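**Student:** model this:
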Amino acid sequence: MKALYITSLHTFSGKTALCLGLGRRFQADGYEVGYLKPLSTQPFQAGGRLTDEDADFVWRTLGLSEDPCDLVGVVLTQKLLLEALTGAAPPDLLAQVKAAFERVSAGKDVVLLEGGASLREGFSVGLGTPVVAEARDVPALAVTYFYDRMSLLDDCLVAKLRLGERLLGVMVNKVPDEEMDFVVNVAHPYLESRDIPLLGALPLRQQLQAISVGELADVLQGEFLALPEKRDELIEHLVVGAMSVEQALPRIRRVPGTKAVITGGDRADMQLVALETAVKCLVLTGHLRPMPEVLRRAEDVGVPVLLVRGNTMETVEAIERVFGKTRLGQRAKLEQFEALLAEHFDFERLYEGMGLGRRNNDIS
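**Tutor:** Next up is the predicted model:
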């Protein structure tokens, strides 16, 4: 059995997406795949039990046979955190992770471990990525995204400093097209000269950062007032309609791609103007129901309408907390991410580093 610890250097780097992409590739190549999230800092209820949202998503997408609650080593509730920090009946959290790893690895060829949002996460309770990787003797793949040139290189060097020889390589996600030449021809040889393999550099694709109308409804606990059947429509950008109609109209039209307009439920003028532009969703705030003509027009032009309780600022903040996350719930998005991996990720080098041979398919 081989294992790989996929860890992130920043939030929203794309490590869950990479777990899915690699997991499906391993499955396609004939390997039995297991998964474990050693530490979850965001408890998530599933069937009345605590688990992790990412783990639950991976469980469903990869079709794993285990109970989804068994795919998390430690779910760190506030109560458990206080116990660990104060020494009140201190639990052996690392032992829990080791036991969970033994369970999920039974009968598997490859186990993917998904780390936290950064290399800092978990140290206060003895479950930092380097600690767990060392305890299970597992190589690590670090995922970061392109922010700027210096930060990219600094992040990779810090990953090497923290993980040492366990660092199998790094993957850079969300590289703007205009920066790809720098990453490939400058950063790549620079990192390789410092014994940091660059296994992949994936270009930025806005569609992968998009959130569906249904996900918006779930995040905001919103009510569909029109066209709930369009919950799979993807939103790439948010536009806040809190100004005058004269100011808003050119702003809405300037925003490229698919967009949602967020405005007060009592702003019929803004709502009707927005519906005359290429919007994919109207989000109405303040739990104020719109005028009937707004809903009639939305039905006519095929734009779903959501009603939410929060005010406009609260609504924007709630969406922004999840908007940067690569969500692959739609098959088209998952297939697009897999296509990017196939073109820009060095699977052969990864397989060699993990000691895996070829099975069903050639490794490109």
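**Student:** contacts for stretch 335-342, please.
**Tutor:** For stretch 335-342, the surrounding residues in contact (C-beta atoms under 8 Å, 6 or more residues apart in numbering) are 17-18, 20-22, 24-25, 200, 202-203, 205, 207-208, 326, 328, 347, 364. (Each C-beta comes from the backbone N, C-alpha and C, glycine too.)
**Student:** one more time with 6 Å
**Tutor:** Here stretch 335-342 makes contact (C-beta atoms under 6 Å, 6 or more residues apart in numbering) with 17, 21, 202, 208, 328.
**Student:** now the fourth one: how far from Asp148?
**Tutor:** Meaning Leu208. 20 Å (C-beta to C-beta, to the nearest Å).
**Student:** neighbour-wise, which of the two wins?
**Tutor:** Leu208 (22 against 9; other C-beta atoms under 10 Å).
**Student:** not counting sequence-adjacent ones, nearest residue to Thr312?
**Tutor:** The spatial neighbour of Thr312 that comes closest, neighbours along the chain excluded (C-beta to C-beta, 6 or more residues apart in numbering), is Thr285 at 4.7 Å.
**Student:** how many neighbours does that neighbour have?
**Tutor:** Thr285: 27 surrounding residues under other C-beta under 10 Å.
**Student:** ok, what's across the strand from it?
**Tutor:** Gly264 (DSSP bridges).
**Student:** ends of stretch 225-237, how far apart?
**Tutor:** End-to-end span of stretch 225-237 (C-alpha to C-alpha, to the nearest Å): 21 Å.
**Student:** quick one: average confidence on it?
**Tutor:** What stretch 225-237 shows for mean pLDDT is 91.
**Student:** list the buried ones in that stretch?
**Tutor:** Going by neighbour count (16 or more other C-beta atoms under 10 Å), the buried part of stretch 225-237 is 225-227, 230-231, 233-237.
**Student:** out of the residues you listed, which is nearest to Gly164?
**Tutor:** Minimum distance to Gly164 across the buried residues of stretch 225-237 is 39.1 Å, recorded for Glu236 (C-beta to C-beta).
**Student:** so that closest one makes contact with Leu204?
**Tutor:** No. With contact defined as C-beta atoms under 6 Å, Glu236 does not reach Leu204; the gap is 11.7 Å.
**Student:** output the contacting helices and strands for the strand or helix carrying Asp155.
**Tutor:** With secondary structure defined by DSSP states H and E, Asp155 is part of helix 149-163. If contacts are counted by 3 or more C-beta pairs under 6 Å, 6 or more residues apart in numbering; DSSP states H and E, helix 149-163 sits against strand 140-145, strand 167-175.
**Student:** any chance of the ones you listed in JSON lines, plus mean neighbour count?
**Tutor:** Converted to JSON lines, those look like this (neighbours: other C-beta atoms under 10 Å):
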{"stretch": "strand 140-145", "mean neighbour count": "26"}
{"stretch": "strand 167-175", "mean neighbour count": "24"}
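**Student:** Throw those strands into TSV and include distance to Ala187 and mean pLDDT, thanks.
**Tutor:** Compiled in TSV, the helices and strands packed on helix 149-163 are given as follows (distance: least, C-beta to C-beta, whole Å; pLDDT from 0 to 100):
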stretch	distance to Ala187	mean pLDDT
strand 140-145	11	97
strand 167-175	8	97
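**Student:** let's have the ones you listed in a markdown table, adding distance to Ser65.
**Tutor:** Output for these, formatted as a markdown table (distance: least, C-beta to C-beta, whole Å):
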| stretch | distance to Ser65 |
| --- | --- |
| strand 140-145 | 25 |
| strand 167-175 | 27 |
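**Student:** of those strands, which is nearest Pro189?
**Tutor:** Closest to Pro189 of those, according to C-beta to C-beta: strand 167-175, at 13.9 Å.
**Student:** okay, the closest one in PDB with CA atoms only?
**Tutor:** As requested, the backbone C-alpha atoms of strand 167-175 are provided in PDB (Å, rounded to 0.1, in the frame of the first residue of the first chain):
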ATOM      1  CA  LEU A 167       8.300  16.700   0.100                       C
ATOM      2  CA  LEU A 168       7.600  14.700  -3.100                       C
ATOM      3  CA  GLY A 169       6.900  17.900  -5.000                       C
ATOM      4  CA  VAL A 170       4.700  20.900  -5.400                       C
ATOM      5  CA  MET A 171       1.800  21.800  -7.600                       C
ATOM      6  CA  VAL A 172       1.000  25.400  -8.500                       C
ATOM      7  CA  ASN A 173      -2.700  26.100  -9.200                       C
ATOM      8  CA  LYS A 174      -4.600  29.000 -10.800                       C
ATOM      9  CA  VAL A 175      -1.600  30.400 -12.800                       C
END
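**Student:** who's in contact with that strand?
**Tutor:** By C-beta under 6 Å, 6+ apart, the list of residues contacting strand 167-175 from outside reads 13-14, 139-146, 156, 159-160, 183, 197-204, 353.
**Student:** just the C-alpha atoms of the helix holding Asp155, please, in CSV.
**Tutor:** Presented in CSV, the C-alpha positions along helix 149-163 are these (Å, rounded to 0.1, in the frame of the first residue of the first chain):
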residue,chain,number,x,y,z
ARG,A,149,6.1,35.7,-8.2
MET,A,150,8.0,36.1,-5.0
SER,A,151,5.2,34.6,-2.8
LEU,A,152,5.1,31.6,-5.0
LEU,A,153,8.8,30.8,-4.6
ASP,A,154,8.8,31.7,-0.9
ASP,A,155,5.8,29.3,-0.3
CYS,A,156,7.6,26.4,-2.0
LEU,A,157,10.8,27.0,-0.1
VAL,A,158,8.9,27.1,3.2
ALA,A,159,7.2,23.8,2.2
LYS,A,160,10.7,22.3,1.7
LEU,A,161,11.9,23.7,5.0
ARG,A,162,8.9,22.2,6.9
LEU,A,163,8.6,18.9,5.1
